[in-house]
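A.B. asks: below is the sequence, then the predicted model.
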Amino acid sequence: MSLRVFQFFLFATAASLFPAGPLSGALSNGQRYRVNFVDVDGNALSTADGHVTVLVVTTPLDSEKARGVGDRVPGYCLGNPNYRMITILDFTRRHTQIGRKIATMFVRHRLNEEAKRLQARYDAKKIASSARSDIFAVADFDGTASSRLGGQPEATDFHVFVFGRNGELLHQWNEVPSAADLAAAVK
């Protein structure tokens, strides 16, 4: 088999395992999904880049639920480069084009405030890294990020996904999971 044919075969196999574009319908546990985002700090993020990812989709009105998920993340995940949490804030029904800059500034301000809260947990566990560098949020103004996670962005105002290191969807909820359920999913 020539190298060119082998490379094509690998690419075709990878493409079938990791859909890159918008996903149609609801996501299924056990399936692999490579969904890419850019957060408000300019970080490129993916559900299949070697991290166990807790991904929360919420509206600004339900952002306290996202905080609840963060508060229930097991302590061994904090400051651990193998784990991360991403919050997607769905602004599609709340802001116009003019308000994007203001909304993004507001999101960054809230991230800084959340980092102060999280830093207290880091300090208590003697984690030397900055909590702010471990907080990720995507501002979704046009529904693009939310729609990549199956269904229509309007279908639910709150959703939690846990993806394995290779993009496998391990678990999902429409409400804040219990600490025990979240710990079992990320383990």
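C.D. replies: Received it, and whenever you're ready, just let me know what you need.
A.B. asks: for this protein, what's the longest helix?
C.D. replies: For the chain, the helix that runs over the most residues, judged by DSSP state H, is helix 100-124.
A.B. asks: and the gap between R108 and G42?
C.D. replies: Noted for R108: a distance of 11 Å to G42, by CB to CB, to the nearest Å. Every residue, glycine included, has its C-beta placed from N, CA and C.
A.B. asks: when the two are compared, which one has more neighbours?
C.D. replies: Using other CB atoms under 10 Å as the criterion, R108 and G42 rank with R108 on top: 15 against 6.
A.B. asks: residues in contact with that one?
C.D. replies: V40, D41 (CB atoms under 8 Å, 6 or more residues apart in numbering).
A.B. asks: coming back round to it: and the next element down the chain from the longest helix of the chain?
C.D. replies: Using DSSP states H and E, the next helix or strand after helix 100-124 towards the C-terminus is strand 135-140.
A.B. asks: chain center to the helix or strand following that next one: distance?
C.D. replies: Later in the chain than strand 135-140, the nearest helix or strand by DSSP H and E is helix 144-147. Its chain's C-alpha centre and that of helix 144-147 lie 12 Å apart, by CA atoms, centre = their mean, to the nearest Å.
A.B. asks: just confirm V138 contacts D41, I think it does.
C.D. replies: No. If you go by CB atoms under 8 Å, V138 and D41 don't touch, sitting 10.0 Å apart.
A.B. asks: and stretch 166-174, end to end?
C.D. replies: Terminal residues of stretch 166-174 are spaced 23 Å apart (CA to CA, to the nearest Å).
A.B. asks: try stretch 71-88
C.D. replies: 17 Å.
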